[in-house]
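J.: Fold the following for me, if possible:
(2 chains)
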Amino acid sequence: MFIEFLFISSAAVTIACAIGVLVVKNIMHSCVFLLGSLMGIAGLYATLGADFVAVTQIMVYVGGVVILMLFAVMLTGGKDFISRAQNLLGLPPSMGSKWTYGVGLLVGLVFLLTNIQLIKGISQSLPTNEINNGFPSTVTQIGHLLIKEHVLAFEISSVLLLGALVGAAIIARPRKQN
Amino acid sequence: MNQTVVSYLSQYEFYDHILALFGNNQGVLAFVIYAVLALVIVGMCATIGGLGTYAERKISADLQARLGPNRVGPYGLLQMLADGVKMMTKEDIMPFSADKALFYLAPLLCLTGVFATLAVLPFSSGFIMADLNVGIFYLVAISSLVGLGVFLGGYASNSKWSMLGGMRGASQIISYEIPVTISILAIVLLSGGMGFGTIVGSQGGLPHQWFMFHNPFAFLAFFVYGVGALAETNRAPFDLPEAESELVSGYHTEYTGMRFGFFALAEYIEVFVVCGVAAALFLGGYNVPGISIDILPMQAVQFVIFMTKTLLLYYVVIWIRWTLPRLRVDQLMSVCWKYLTPMAILNLIGCATWMVVFNGKSIAELILGSH
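T.: Reported below is the predicted structural model:
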C-alpha cells in the first residue's frame, strides 16, 4: 500500500509540475516547477527500487541543472525578459498554425503508444525482488556493470566531461590586452 | 539491503507485542514509528539549532571578553525561547515588488533541504531513520536544496543586496560542493560503501581506528572537508552571502519575522548536520571504545558518544567564526578551485593507491601488526 501511495504522489507531483512549467508566464516560476517535476521523477525511481538512480537524479538536476538554468535566466536578461510574451493558452500565430499543432499531437500520441507497448512487457516480467541478483546493493551492481560490461562507454563519457571542463576553462580565461 | 529503524526494532521481542496492538498490521506500525521518530528528531534538531544561537552568542562573548545573554532564565538559557516568541509575533513584511510565490518558497526550501538530511544522520546504530545504501550520496544531493533556497530568496526579494547575496551564496555552495564531495569519496573508498552503517561500522571506537588517522591522505581529507563544509553552510570566514559590512544582510535582507527565523534555523541545523557527518565519516561516529555488544541500552551510550563528537566540532565551528576575518570573493573562489579541489583529488588518488599498496590496512595496523 505504501508503494502505491509513493507512486501516486510522485506521479501526481511530476505531472502537475510539468503542466505548471508550460502554463505559467514567469520563466523563473517555470524553472521552479521544473524542479518539482524532476523531484517527482526521482520519487518514481525510488518507487521502482532504483535508489542510486533516484539520488543521482536529485544530485544532477536539483543540485546542478536547475541552479544553472536559474543562473542563465538571471544573467541573460532583466525583468522584461523574465516574463514570456505568451503562454500555452494564448498562442500568437507566429508560433505555428493548427497544422503544426495537429502534427505535433499526432507524433506525441504515436510516441506514447510505442512507449506503452515497449514498457508493457518489462513491467510484467521483472518482479522487484529479482532485480538484485546476487549483489548486496544496487550501488554495487551498478559499479560492477560500469567497470565490466560498459567500461568503454564509461571511459568515453569521462573524455567528454574532460573536454567540457577544458572548454569552459578556455572560454573563461582572461584575454591578453594588446 | 536498506536497514531502517523499523527493521532494527523488529528484532526485539517487545516489537511483536506492539505489533499485536496494531492488529498485526506491519505497514501501519512502520508508519507510526517513522512519524514519531521524525517528530522526535526534527524537534531535537530544532532545539539544537535554537541552542546553537545561544551557544554562538555565549562563545563569541567569551572570546571577546563580554558577558553575552544572561537575563532570561538561568545563564540566559531561555534567550532562544524569547527570540522565538519575538520572531513569531513580529510583522511579516512582504516587499511590494517581490516575487511573492518564490519569496514564500525560498525559506521553506532551505528548511526542507536541511530536515531531509536528518533522515540518514546516524545518531546510533539503531536510532537512524533509514540507513540507505546511498546514505552519504543522498545527504550531499538533498542538501543542495539549501543552495537553491538561498539563491531564490536572493532573487525573489527584488533588492540589490539580496540579489548579490543570493548569487554569491549559490556560486559558493555549488563550488565548494566539489572538494567536499571528493573528500567524502575518499572515505567511501576506504570503507567500501556509501551507507552510514557501513562507513561507521568499518571504523572503531578508539582514535587509531578512525578513518581520520587511517592514512595521511584521509587526515588531509578531513581538513579539506572541514573547510569546504564551513563554506557550504555560509559560516564565517566564508559568510560572503550575508556579509553585513557590504550587503546589509545578504540574501535574507528583506525577510522578517519567522521567515528570517527559518533561514537562521536552517543554517544552525545545517552546521549540526555537517558536524555530525564529519564525526561519522572521520571520527568513528557512534562507536563505543572497547565494547561491541549490541543491546538496547547501548544505543543510549552510542548516542551520547556521537553527540559529544558532533557538539565538540560545533564548538570549533563557532570558535573559527569569531577568530578569523572574512575572505574576499576572489580569494574565496581561488581557495576552492586552486587549493581545495586539487588537494581533494590528490587525497582521493592517494587513498586509492594506499588501499592497493598496503592492502587496505591503516597506519596503526601496519605499525602494531594486524589483529
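J.: Within range of chain B, give me the residues from chain A.
T.: Applying Cβ under 8 Å from any Cβ of the partner chain, one finds that chain A approaches chain B through A:1-2, A:26, A:28-29, A:32, A:35, A:51-52, A:55-56, A:58-59, A:62-64, A:66-67, A:70-71, A:74, A:136-139. Backbone N, C-alpha and C define where each C-beta goes, glycine included.
J.: Can you tell me the element the nearest residue to B:G226 once chain neighbours are set aside falls in?
T.: Nearest non-adjacent residue to B:G226, counting by Cβ to Cβ, 6 or more residues apart in numbering or on different chains: B:A278, 6.6 Å away. B:A278 belongs to helix B:257-282 when elements are defined using DSSP states H and E.
J.: ok, now B:K361?
T.: Per DSSP H and E: nothing holds B:K361, as it lies in no helix or strand.
J.: Can you show me the strands along chain A?
T.: Assigned by DSSP state E, the strands in chain A number zero.
J.: Can you name the residue of it nearest chain B?
T.: A:G63 (3.2 Å; Cβ to the nearest Cβ).
J.: show me what contacts that residue?
T.: B:A141, B:S144, B:G147, B:I174, B:E177 (Cβ atoms under 8 Å, 6 or more residues apart in numbering or on different chains).
J.: quick one on the thing from earlier: now list the buried members of the residues of chain A next to chain B.
T.: Among the residues of chain A next to chain B, those classed as buried by 16 or more other Cβ atoms under 10 Å in any protein chain shown are A:26, A:28-29, A:32, A:35, A:51-52, A:55-56, A:58-59, A:62-63, A:66-67, A:70, A:74, A:137-139.
J.: Tell me which of those residues fall in helices.
T.: Judged by DSSP state H, these include A:28-29, A:32, A:35, A:51-52, A:55-56, A:66-67, A:70, A:74, A:138-139 as members of helices.
J.: And the furthest pair within those?
T.: The largest separation in those, counting by Cβ to Cβ, is between A:M74 and A:T138 at 36.9 Å.
J.: Output the below-cut-off pLDDT ranges for chain A.
T.: Where chain A drops to pLDDT under 70, the residues are A:1, A:77-97, A:121-135, A:177-178.
J.: Quickly list the domain ranges of it.
T.: Here the domain parsing of chain A from automatic domain parsing is A:1-83, A:138-178.
J.: Can you tell me which of those domains is nearest to A:V110?
T.: Closest among the domains of chain A, using Cβ to Cβ: domain A:1-83, at 19.6 Å.
J.: Would you map the strands across the stretch 51-200 of chain B?
T.: B:130-131 (DSSP state E, counting those that start in this stretch).
J.: where exactly do the helices run in it?
T.: B:79-89, B:100-117, B:135-142, B:144-156, B:160-191, B:196-201 (DSSP state H, counting those that start in this stretch).
J.: now, of those helices, which is deepest in the fold?
T.: Ranked by mean neighbour count under mean count of other Cβ atoms under 10 Å in any protein chain shown, these are led by helix B:144-156, which reaches a mean of 27.
J.: does it come close to chain A?
T.: Yes: counting by Cβ under 8 Å from any Cβ, chain A has neighbours in helix B:144-156: B:S144, B:L145, B:G147, B:L148, B:F151, B:L152, B:Y155.
J.: chain center to that helix, what's the gap?
T.: Here helix B:144-156 is found 18 Å from its chain centre; the criterion is Cα atoms, centre = their mean, to the nearest Å.
J.: Can I get that helix as PDB, trimmed to CA atoms?
T.: In PDB, the C-alpha atoms belonging to helix B:144-156 read as follows (Å, rounded to 0.1, in the frame of the first residue of the first chain):
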ATOM      1  CA  SER B 144      21.700  21.200  -2.500                       C
ATOM      2  CA  LEU B 145      18.100  22.300  -1.900                       C
ATOM      3  CA  VAL B 146      19.600  24.700   0.600                       C
ATOM      4  CA  GLY B 147      21.700  26.400  -2.100                       C
ATOM      5  CA  LEU B 148      18.600  26.700  -4.200                       C
ATOM      6  CA  GLY B 149      16.700  28.300  -1.300                       C
ATOM      7  CA  VAL B 150      19.400  30.800  -0.700                       C
ATOM      8  CA  PHE B 151      19.500  31.700  -4.400                       C
ATOM      9  CA  LEU B 152      15.700  32.000  -4.800                       C
ATOM     10  CA  GLY B 153      15.500  34.000  -1.600                       C
ATOM     11  CA  GLY B 154      18.000  36.500  -3.000                       C
ATOM     12  CA  TYR B 155      16.200  36.700  -6.300                       C
ATOM     13  CA  ALA B 156      12.600  36.900  -5.000                       C
END
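J.: elements contacting it?
T.: Contact here means 3 or more Cβ pairs under 8 Å, 6 or more residues apart in numbering or on different chains; DSSP states H and E; on that basis helix B:144-156 packs against helix A:27-47, helix A:66-76, helix B:100-117, helix B:160-191, helix B:257-282.
J.: Report the rounded mean pLDDT for that helix.
T.: Helix B:144-156 shows an average pLDDT of 86 in the prediction.
J.: now it and helix A:66-76, what's the angle there?
T.: 20 degrees (axes from the mean of the first three to the mean of the last three Cα atoms, to 10 degrees).
J.: interface residues of the stretch 1-150 of chain B facing chain A?
T.: Counting by Cβ under 8 Å from any Cβ, the residues of the stretch 1-150 of chain B that sit close to chain A are B:1-2, B:27, B:30-31, B:99, B:101-102, B:105, B:132-134, B:137-138, B:140-142, B:144-145, B:147-148.
J.: Go again with 10 Å.
T.: The interface of the stretch 1-150 of chain B toward chain A, taken as Cβ under 10 Å from any Cβ of the partner chain, is made up of B:1-2, B:25-28, B:30-31, B:97, B:99, B:101-102, B:105-106, B:109, B:113, B:116, B:132-145, B:147-148.
J.: Quick check: B:E13 vs A:G63, distance?
T.: 43 Å (Cβ to Cβ, to the nearest Å).
J.: Now do the buried residues in stretch A:3-11.
T.: A:S10.
J.: List the contacts of that stretch.
T.: Identification of contacts with stretch A:3-11 by Cβ atoms under 10 Å, 6 or more residues apart in numbering or on different chains yields A:39-49, A:54, A:128, B:27, B:31.
J.: Of those residues, just the buried ones, PyMOL syntax please.
T.: Here is the PyMOL command that selects the buried residues among the contacts of stretch A:3-11 (16+ other Cβ under 10 Å):
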select buried, (chain A and resi 39+40+41+42+43+44+45+46+47+54) or (chain B and resi 31)
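J.: OK, now which residue of the stretch 1-150 of chain B is nearest to chain A?
T.: Closest point on the stretch 1-150 of chain B to chain A, by Cβ to the nearest Cβ, is B:S144, at 3.2 Å.
J.: One more: the stretch 251-371 of chain B?
T.: Closest point on the stretch 251-371 of chain B to chain A, by Cβ to the nearest Cβ, is B:W337, at 10.1 Å.
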